[in-house]
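Peer 1: Task: produce atomic coordinates for the following.
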Amino acid sequence: MKILMSSHFFHPSVGGIEEVSRVLALELVRSGQEVRIITSTRENGDVQFPFEVIRAPGARELIRQVRWCDVYFHNNISLRTAWPLLFVRRPWVVAHHTWIMRHTYDREGWRDKIKHHVIRMARNIAISEPVARHVVRAPSVVIGNPYRDDLFRELPGVDRNLDLVFLGRLVVDKGVDLLLAAMAFMKTKGAIPNLTIIGDGPEREALERQAEALGITSQVTFAGTVTGEDLVLLLNRHKLVVIPSRWQEPFGLAALEAVACGCVAVVADCGGLPDAIGPCGVLFKHEDIHSLAERLEELMLKGGRIQKFRVGAEEHLRKHLAENVAARYLSVLQDAARS
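Peer 2: Numbering: from 1, shown residues only. Just a heads-up that it's a prediction; the model follows:
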C-alpha cells in the first residue's frame with residue numbers, strides 16, 4: 001500500500017509529532033508498505049531514511065504526491081496540505097495529537113472551526129480519550145502514542161537511589177513551580193526528598209530563584225538537557241517521575257518514557273496524562289500543591305506501594321511499543337483504503 005504521510009514538522013526538527021512520524025514511518029516500511037513523508041521542514045539533517053521525504057513541496061508537487069498514494073495520512077491535521085483533497089479523491093486518515101484550539105484549551109479560532117468541519121470526511125485517530133472527546137464531532141479510534149522502546153528501558157544493576165525527577169521543557173505550562181512549592185510544603189512536615197529537573201527553557205532562572213527563596217536549593221539539581229543513553233541512565237536512578245503540568249497535556253510521552261525506565265509516575269489528573277501512565281502511578285488534583293505533596297509523601301513513606309505500581313508496567317508498555325502501535329495504525333489505514 002502506498003501511504004503519503006503529512007507531518008508538518010519532521011527531522012531534523014525536534015518534537016513529539018516529529019518523533020511519532022519517524023517511528024510510524026519506519027515501522028510501516030518494515031511491515032512492507034511504501035511510505036513518503038511531506039513536511040514544511042526544509043533542512044535535510046544528517047539521517048538517511050528508508051522512505052522518501054518531500055520537503056516544502058509546492059502546489060503542483062503536493063497534488064502529484066496525493067495522486068501517487070492509496071491513502072493520505074495526516075499525522076496531526078494541517079490545512080496547508082489537506083487542500084489537494086478538494087481536487088484529488090483519496091481516502092483520508094487524520095491522527096489528532098493535540099487539541100484543535102489556538103494555543104490554549106479553551107479558545108477556538110476560525111481555522112479550528114474549519115478543521116472540526118473537514119475532519120468529518122476523514123477516519124480519525126486520537127492519542128488519548130480526552131483528545132477523542134475533544135474531536136467528538138468526528139468519531140475516532142484511540143491509539144496511544146509509541147515511545148522509543150529501543151532506547152527507554154530498565155537497566156540492570158543501576159542503584160535507584162534518587163527520589164524525584166521531572167522531565168520536560170522549563171516553561172510555565174509544565175508547572176515545575178508547583179512541584180517546588182509542594183516540596184517546600186513537604187519540608188515543613190519533615191519530608192525532604194531530592195529532585196532532579198531534566199530539561200531547559202525560559203523559566204530556568206525563575207525556578208532557580210524560587211528554589212532559593214523556598215529554602216530547598218540543596219534538594220534540587222538542575223541537570224539541563226540530557227539525551228540518549230545518559231538520559232536513560234539518569235531516569236533509572238530515580239524512584240518517581242513527577243509531571244505537574246498546568247496545561248492539559250494531550251498525552252504525556254515524557255511520563256511514559258520514565259515509566260519504561262522503571263519510575264512510578266505522579267501526574268496531574270488532567271488531559272491525557274492519566275492515559276499515558278495507565279496503572280503505573282497516581283494522580284493528584286490539577287494545580288493543587290497540597291494534593292501533590294500528599295501523593296508524594298504517601299509513596300515515599302510506603303515503599304511497598306511503589307513496587308505495586310511497577311507490577312503492571314510491562315503490560316501497559318506493551319500497548320505502546322512502536323511495532324504494536326504501528327500495527328494498529330496500519331489497520332485503520334488499510335480499512336480506509338478499502339472503503
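
Peer 1: per-domain residue ranges of this structure.
Peer 2: 2-146+321-338, 162-314 (automatic domain parsing).

Peer 1: Got the phi and psi for Asn124?
Peer 2: For Asn124, the backbone dihedrals (degrees, to the nearest 10) come out as phi -110, psi 140.

Peer 1: thought it was touching Trp92?
Peer 2: No: between Asn124 and Trp92 there is no contact under CB atoms under 8 Å: 9.6 Å. The way it works is simple: take the backbone N, C-alpha and C, and place the C-beta from them, glycine included.

Peer 1: can you give me the helices for the stretch 51-200 of the chain?
Peer 2: 59-68, 79-82, 110-118, 129-134, 176-188 (DSSP state H, counting those that start in this stretch).

Peer 1: Need the residues that contact the third one.
Peer 2: I take that to be helix 110-118. Applying CB atoms under 8 Å, 6 or more residues apart in numbering, the contact partners of helix 110-118 are Ile77, Leu79, Ala82, Ile100, Met101, Arg102, Glu108, Val135, Arg137, Ala138.

Peer 1: Out of the residues you listed, which two sit at the greatest distance?
Peer 2: Greatest spatial distance in those: Arg102 and Ala138, 19.0 Å, computed using CB to CB.

Peer 1: Between these two, which is the more surrounded one?
Peer 2: With neighbours defined as other CB atoms under 10 Å, Arg102 and Ala138 compare such that Ala138 has more, 19 against 12.

Peer 1: that older thread, and the domains of the chain, which one is worst for confidence?
Peer 2: Sorting those by mean pLDDT places domain 2-146+321-338 lowest, at a mean of 92.

Peer 1: sorry, back to before: which among the contacts of helix 110-118 gets closest to Lys2?
Peer 2: Among those, Ala82 lies closest to Lys2 (CB to CB), at 18.0 Å.

Peer 1: Run through the residues that contact that closest one.
Peer 2: Applying CB under 8 Å, 6+ apart, we find Ala82 in contact with Ser6, His74, Trp92, Val118.

Peer 1: What of Tyr72?
Peer 2: By CB under 8 Å, 6+ apart, the contact list for Tyr72 reads Leu4, Ser6, Val66, Leu85, Arg90, Pro91, Trp92, Val93.

Peer 1: Next, format those as JSON lines and append distance to Met300.
Peer 2: Listed next are these as JSON lines, based on distance: CB to CB, whole Å:
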{"residue": "Leu4", "distance to Met300": "50"}
{"residue": "Ser6", "distance to Met300": "45"}
{"residue": "Val66", "distance to Met300": "54"}
{"residue": "Leu85", "distance to Met300": "53"}
{"residue": "Arg90", "distance to Met300": "54"}
{"residue": "Pro91", "distance to Met300": "51"}
{"residue": "Trp92", "distance to Met300": "49"}
{"residue": "Val93", "distance to Met300": "44"}
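
Peer 1: Just want to know which of Asn124 and Trp92 has more residues nearby.
Peer 2: The residue with more neighbours, out of Asn124 and Trp92, is Asn124; 23 against 20, by other CB under 10 Å.

Peer 1: any idea how far Thr217 lies from Ile17?
Peer 2: Distance, Thr217 to Ile17, by CB to CB, to the nearest Å: 36 Å.

Peer 1: Distance check, the nearest residue to Val282 once chain neighbours are set aside against Ala260.
Peer 2: In this structure, Val282 finds its nearest non-sequential neighbour in Arg295, 5.1 Å apart by CB to CB, 6 or more residues apart in numbering. Per CB to CB, Arg295 is found 21 Å from Ala260.

Peer 1: Looking at those two, which is more packed in?
Peer 2: Set Arg295 next to Ala260 and count neighbours by other CB under 10 Å: Ala260 wins out with 24 against 21.

Peer 1: Tell me if I'm right that that one and Pro146 touch.
Peer 2: No: Ala260 is beyond contact range of Pro146, at 11.0 Å (criterion: CB under 8 Å).

Peer 1: Would you pull up how far stretch 170-190 lies from the middle of the chain?
Peer 2: On the basis of CA atoms, centre = their mean, to the nearest Å, stretch 170-190 sits 22 Å off its chain's mean C-alpha point.

Peer 1: Please point out which parts of that stretch sit buried.
Peer 2: Of the residues in stretch 170-190, 170, 174-187 count as buried by neighbour count, 16 or more other CB atoms under 10 Å.
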